[in-house]
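1. I would like to see how this sequence folds:
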Amino acid sequence: HMGAERLRCTGFNESSKGLKSGMAAAIQTAKKDLRKHLKSILSSMSARERQSESKAVVSKLLSSREYQNSRRVSVYLSMPEEVNTEAIVEDLFSSGRACFVPRYEGDRMEMLSVESLEDCRNLPLNKWNIRQPSSGEGREEALSSGGLDLLLVPGLGFSKEGHRLGRGKGYYDNYIARCIVAGYRPKLVALAFGCQMCEHIPVTPTDQLVDTVLNP
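-> Here you go, the predicted model:
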């Protein structure tokens, strides 16, 4: 009787595993389709639209409580189809805050300190044409030196609830998870163009929720 019971349980576990992996595959497919859709919308934005929306979003950020209360801030150095962060970098230095920028290596991302606007502008370009610090320069890494107060998060799509669709590499989700493990969860603020706001974002348990999504 026990054997039959065990068999029934095993069968149930196997089918629930199958269901789970089927759902995971469906979520990945939904993410892939949404990424494609958002990339095509973003590429159709004019330079003027990007510029005026970036300005509006940055102005909201600089006057926000999250920014005002932060001393150590990590900012992504923007690609053309992202909210332009140059004015944020300028403000970080002129207001005497500590500025950290991403360095991508393999499947890992670190947040390394930059000392000035000039330092930032002289960083070498990586394979995605993004400026990032070289390895072995002895720059301060945010997590090993007291964490971050604020982490500005890029992405392709966002919901007003704070769900985020990244580019699929998991750099930010993994880094945020490491911040939490280290006991330093920063405020997470996403910067978005209006067309990046979605009703619904497909998510998995490892996707990190952001605290605020700023859009024009």
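
2. Now the residue nearest the centre of the chain. Its backbone dihedrals?
-> Nearest to the mean C-alpha position of the chain, by CA atoms, centre = their mean, lies V153 at 3.6 Å. Here is the backbone geometry of V153 (degrees, to the nearest 10): phi -110, psi 130.

3. And the pLDDT at it?
-> Turning to V153, the model gives it a pLDDT of 95.

4. Which residues are in contact with it?
-> Contact analysis of V153 by CB atoms under 8 Å, 6 or more residues apart in numbering lists 76, 164, 172, 188-191, 210. Backbone N, C-alpha and C define where each C-beta goes, glycine included.

5. Reformat these into CSV and put pLDDT, secondary structure and distance to Q51 next to each item.
-> Below are the contacts of V153 laid out as CSV (pLDDT from 0 to 100; DSSP: H, G, I helix; E, B strand; the rest coil; distance: CB to CB, whole Å):
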residue, pLDDT, secondary structure, distance to Q51
Y76, 96, coil, 18
R164, 93, strand, 23
Y172, 92, helix, 25
L188, 97, strand, 25
V189, 98, strand, 20
A190, 97, strand, 19
L191, 97, strand, 14
V210, 95, coil, 24
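
6. looking at those residues, which has the most residues close by?
-> Highest neighbour count within those: L191, with 28 neighbours (other CB atoms under 10 Å).

7. excluding its backbone neighbours, what's nearest that one?
-> V83 (4.0 Å; CB to CB, 6 or more residues apart in numbering).

8. In three-state terms, label that neighbour for me.
-> Assigned with DSSP: H, G, I helix; E, B strand; the rest coil, V83 falls in the coil class.

9. Stretch 110-128: which residues count as buried?
-> For stretch 110-128, a neighbour-count test (16 or more other CB atoms under 10 Å) marks 110-114, 120, 123 as buried.

10. Show me what the residue nearest to the centre of the chain is bridged to.
-> Counting by DSSP bridges, V153 is bridged to A190.

11. on that earlier part again, what's the local residue count around the residue nearest to L191?
-> Residues near V83, counting by other CB under 10 Å: 25.

12. Just to check, it is in contact with K55?
-> No: V83 is beyond contact range of K55, at 9.5 Å (criterion: CB atoms under 8 Å).

13. picking up where we left off before, now secondary structure too, for the buried residues of stretch 110-128, in CSV please.
-> Putting the buried residues of stretch 110-128 into CSV (three-state DSSP) gives the following:
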residue, secondary structure
E110, strand
M111, strand
L112, strand
S113, strand
V114, strand
C120, helix
L123, coil
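
14. Nearest to S63 among these?
-> Checking these against S63 by CB to CB gives C120 as the nearest, at 22.6 Å.

15. So that closest one is in contact with C99, correct?
-> Yes: assessed by CB under 8 Å, C120 is found in contact with C99 at 7.5 Å.

16. quick one: the residue nearest to the centre of the chain from A26, how far?
-> Per CB to CB, to the nearest Å, V153 is found 25 Å from A26.
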